[in-house]
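>>> any chance you can model this:
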Amino acid sequence: AGVAEKYAPLAAWTLGLLWLPLWAGGEDAAPTRNAGDGGRKRVALLATAFGLGLGYHGQIALVLPAVAAYLWLRWGARAVGRAVPTAIPFAALGFAVFLYLPCRSVGNPVVDWVNPERWDAFLYSIQRKGSGTGLAKLDLVAAQTDWREVAGPQLRAFGRAFVHEVTPLGALALVVGAGLLWRRDRAASILLGGAALALGPLFLLLARMPDNPYSMAIMGSHYVPAFAAMVVWGAAGLNVLRFRGAGIAALGVAALWSASRLPLGSRRHAWEAEDYVHAALMATPRGATLGAREDPSVFPILYSLEVKRVRPDVALLPLGLSKAAWFTAQFAQRWPGRTMEAAALAVDVRSEAGPRALEVGSGLVWRGARNTRAAPHYFAERIAGYMAEGCVRRADGSPDAAGQRAWLVRAARWEPDGPMTWYRLGVLAFQAGDHAGAETAYRRALAGIDRLRVWSREPALLRDQAGLHANQGVVAAKRGDLEAA
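A predicted model of the protein is given here:
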């Protein structure tokens with residue numbers, strides 16, 4: 001949904017912003033001292049479109065240097081200087097789309113982020129700083145990681161994703177087209193190439209997201225505008241060749257390629273989120289507050305509560321917002337008399353230390369999982385992980401080894417690489433005298449930890465890994481293989 005509703009329109013708007021300078025940037029269209037010339041009208045249109053795009057997503061700001069450089073080369077410094085007084089107010093007019101936020105906030109919607117009807121909160125919303133404790137920072141430029149640590153992995157992921165989407169032949173066509181455009185039209189090459197590189201590699205360096213699957217999944221959506229700009233960049237260069245029928249052939253190839261990929265994006269039979277929400281809500285006591293931590297759990301539950309009106313007696317508490325003053329006020333207004341202590345906790349806490357007194361006490365109750373495998377994208381895998389977590393906790397409440405094993409096997413079906421699940425299965429096998437089964441389970445658990453260590457540096461993973469090797473040694477000793485032990 002994020003791609004379809006946010007980044008695909010952003011990509012279309014970005015392409016429009018790249019087309020407008022090409023249309024308005026002819027040398028005969030430069031603004032003059034004549035107040036009624038057509039050049040000023042084109043500048044006004046371009047500036048308004050840019051302001052609207054900036055209101056839609058701040059990533060649009062990265063296109064501005066390429067647009068300015070193109071107009072500078074086409075018109076010259078004086079004409080660009082004459083365009084600035086016209087551009088500023090019209091860009092502000094387009095950016096005024098943000099005024100929707102305080103107008104809508106007055107109506108107290110279900111998700112009234114930061115409560116922007118207040119002036120200070122409105123300014124924070126414009127700067128996109130409305131997440132976390134109070135009015136904490138959420139900037140384009142992240143400060144938690146060093147760009148030198150994450151630049152390589154992020155750029156490699158970007159390159160792999162681009163080649164995967166357009167095929168190696170398409171990537172080669174981009175390189176050839178970019179070279180041809182540079183030889184034919186330097187200004188257009190700077191506009192299209194600069195925008196593509198700014199939206200892609202430059203944005204990744206500014207974002208400085210850590211190298212883990214969660215951030216990679218988030219950044220994957222941001223690739224869409226950059227990919228669109230890169231395709232146009234290469235196509236503009238190939239257009240220099242002017243082969244007869246080349247455009248129709250290219251459209252045909254693109255249509256066939258897109259049609260072949262449609263099944264990969266189908267979510268028609270993916271029920272993980274619905275089954276997870278049903279499980280979490282059915283296990284929540286009547287009139288309780290349900291706590292949830294991560295986006296893949298918060299928003300499916302919110303949708304079920306507010307849109308489908310399932311369990312209207314349950315209040316949702318996103319734990320990441322529980323200390324924000326604006327959310328506290330909204331929660332008290334929506335649920336008067338309800339405390340902000342979660343009487344139940346959705347099964348989405350994967351690595352919390354210490355006792356978990358606020359978890360679902362009775363385990364999970366569900367209709368039966370209609371899709372018992374993790375879907376191929378990361379957020380669905382997280383939901384499958386929540387379901388596996390619930391199965392493990394249900395196993396904790398089983399009075400006998402057979403019941404524990406049955407729930408752990410179900411957890412392994414949801415999350416095949418879950419190290420804790422396989423560790424527990426290994427312990428049960430060892431206790432039952434099945435040393436070969438225990439060895440197999442411990443090996444699967446170690447493989448799961450190795451997978452986690454690719455992106456996580458938590459010391460606890462090393463401790464768990466050492467413990468599993470120790471268990472393997474005990475199993476080997478029981479088999480009489482002291483050298484392996």
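>>> show me which residues of the host helix or strand of Pro296 are buried.
Assessed by DSSP states H and E, Pro296 sits inside helix 295-306. Within helix 295-306, the residues scored as buried using 16 or more other CB atoms under 10 Å are Asp295, Pro296, Ser297, Val298, Phe299, Pro300, Ile301, Leu302, Ser304, Leu305. Quick note: C-beta positions are derived from backbone N, CA and C, even for glycine.
>>> what residues does the helix or strand that that helix is followed by touch?
Next along the chain after helix 295-306, taking DSSP H and E as the criterion, comes strand 315-318. Outside strand 315-318, the residues that touch it by CB atoms under 8 Å, 6 or more residues apart in numbering are 288-293, 298, 301-302, 305, 327, 331, 334-335, 338, 340, 342.
>>> try 7 Å this time
Under the contact criterion CB atoms under 7 Å, 6 or more residues apart in numbering, strand 315-318 has outside partners Thr289, Leu290, Gly291, Ala292, Val298, Ile301, Leu302, Leu305, Trp335, Arg338, Met340, Ala342.
>>> quick check: the first one vs Val314, distance?
So the one you mean is Thr289. Relative to Val314, Thr289 is positioned 7 Å away (CB to CB, to the nearest Å).
>>> show me the shaky parts of the stretch 251-400 of the chain.
251, 253-254, 257-258, 260-270, 272, 342-380 (pLDDT under 70).
>>> pull the distance from whatever helix or strand Ser189 lives in to the chain's centre.
Assessed by DSSP H and E, Ser189 sits inside helix 186-197. Centroid separation for helix 186-197 versus its chain: 27 Å, with CA atoms, centre = their mean, to the nearest Å.
>>> buried sites along it?
Buried residues in helix 186-197 (16+ other CB under 10 Å): Ala187, Ala188, Ser189, Ile190, Leu191, Leu192, Gly193, Gly194, Ala195, Ala196, Leu197.
>>> quick one: residues contacting the closest residue to Ala61 other than its chain neighbours.
Distances taken as CB to CB, 6 or more residues apart in numbering put Leu54 closest to Ala61, at 6.0 Å, once the chain neighbours are dropped. Neighbour list for Leu54: Ile60, Ala61, Phe95 [criterion: CB under 7 Å, 6+ apart].
>>> pLDDT on the helix or strand hosting Leu54, on average?
Using DSSP H and E, Leu54 falls within helix 38-56. Average pLDDT, helix 38-56: 85.
>>> after that helix comes which helix or strand?
helix 64-75.
>>> how close does Asn448 sit to Trp422?
Asn isn't right for residue 448; it's Gly. 6 Å.
>>> flag every buried residue along the helix or strand that contains Leu408.
Leu408 belongs to helix 401-414 when assigned by DSSP H and E. For helix 401-414, a neighbour-count test (16+ other CB under 10 Å) marks Gln404, Arg405, Trp407, Leu408, Arg410, Ala411, Ala412, Arg413, Trp414 as buried.
>>> ok, the fifth one - contacts?
The one in question is Arg410. Cys391.
>>> Ser398 versus that one, what's the distance?
Distance from Arg410 to Ser398, counting by CB to CB: 12 Å.
>>> ok, Met420 - contacts?
Val392.
>>> swap that for Thr86, sorry
Applying CB under 7 Å, 6+ apart, the residues near Thr86 are Pro31, Arg40, Val43, Ala44, Ala47.
>>> with neighbour count and distance to Lys478 added, can I get those residues in a markdown table?
Shown next, in a markdown table, are the contacts of Thr86 (neighbours: other CB atoms under 10 Å; distance: CB to CB, whole Å):
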| residue | neighbour count | distance to Lys478 |
| --- | --- | --- |
| Pro31 | 27 | 85 |
| Arg40 | 21 | 86 |
| Val43 | 29 | 81 |
| Ala44 | 19 | 81 |
| Ala47 | 23 | 76 |
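>>> for His222, what are its contacts?
His222 makes contact with Tyr7, Gln59, Phe203, according to CB under 7 Å, 6+ apart.
>>> so the first one makes contact with Val224?
Yes - at 4.1 Å, Tyr7 counts as touching Val224 under the criterion of CB atoms under 7 Å.
>>> gap between the nearest residue to Ser105 once chain neighbours are set aside and Ala329?
Distances taken as CB to CB, 6+ apart put Glu117 closest to Ser105, at 4.0 Å, once the chain neighbours are dropped. Glu117 sits at a distance of 12 Å from Ala329 (criterion: CB to CB).
>>> okay, these two: which has more neighbours?
Taking neighbours as other CB atoms under 10 Å, Glu117 and Ala329 compare with Glu117 leading, 16 against 12.
>>> any idea which helix is longest in the chain?
helix 147-184 (DSSP state H).
>>> the nearest residue to Phe90 once chain neighbours are set aside: what's it in contact with?
The shortest distance from Phe90 to any non-neighbouring residue, by CB to CB, 6+ apart, is to Ala47 (4.0 Å). Ala47 makes contact with Thr86, Ala87, Phe90, Ala91 under the criterion CB under 7 Å, 6+ apart.
>>> the stretch 251-400 of the chain: strands as residue ranges?
With DSSP state E, counting those that start in this stretch as the criterion, the stretch 251-400 of the chain has strands at 289-292, 315-318, 344-345.
>>> which strands and helices sit next to the first one?
Just to be clear, that refers to strand 289-292. The contact analysis (3 or more CB pairs under 7 Å, 6 or more residues apart in numbering; DSSP states H and E) places strand 289-292 against helix 295-306, strand 315-318.
>>> circling back: the helix holding Leu54 versus helix 64-75: what angle between them?
Computed by axes from the mean of the first three to the mean of the last three CA atoms, to 10 degrees, the angle separating helix 38-56 from helix 64-75 equals 170 degrees.
>>> quick one: distance of helix 38-56 to the chain centre.
In terms of CA atoms, centre = their mean, the centre of helix 38-56 is set 29 Å apart from its chain centre.
>>> same check, this time on stretch 187-204
On the basis of CA atoms, centre = their mean, stretch 187-204 sits 22 Å off its chain's mean C-alpha point.
>>> only alpha carbons, please: show that stretch as PDB.
In PDB, the C-alpha atoms belonging to stretch 187-204 read as follows (Å, rounded to 0.1, in the frame of the first residue of the first chain):
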ATOM      1  CA  ALA A 187      22.000  20.500 -19.900                       C
ATOM      2  CA  ALA A 188      19.300  17.800 -20.300                       C
ATOM      3  CA  SER A 189      21.900  15.200 -19.100                       C
ATOM      4  CA  ILE A 190      22.600  17.200 -16.000                       C
ATOM      5  CA  LEU A 191      18.800  17.600 -15.300                       C
ATOM      6  CA  LEU A 192      17.800  14.000 -15.700                       C
ATOM      7  CA  GLY A 193      21.000  12.400 -14.500                       C
ATOM      8  CA  GLY A 194      21.300  14.700 -11.600                       C
ATOM      9  CA  ALA A 195      17.800  14.100 -10.500                       C
ATOM     10  CA  ALA A 196      18.200  10.300 -10.800                       C
ATOM     11  CA  LEU A 197      21.400  10.300  -8.800                       C
ATOM     12  CA  ALA A 198      20.000  12.700  -6.200                       C
ATOM     13  CA  LEU A 199      16.900  10.600  -5.600                       C
ATOM     14  CA  GLY A 200      18.800   7.400  -5.500                       C
ATOM     15  CA  PRO A 201      22.400   7.200  -4.200                       C
ATOM     16  CA  LEU A 202      22.500  10.700  -2.700                       C
ATOM     17  CA  PHE A 203      19.200  10.100  -0.800                       C
ATOM     18  CA  LEU A 204      20.600   6.800   0.600                       C
END
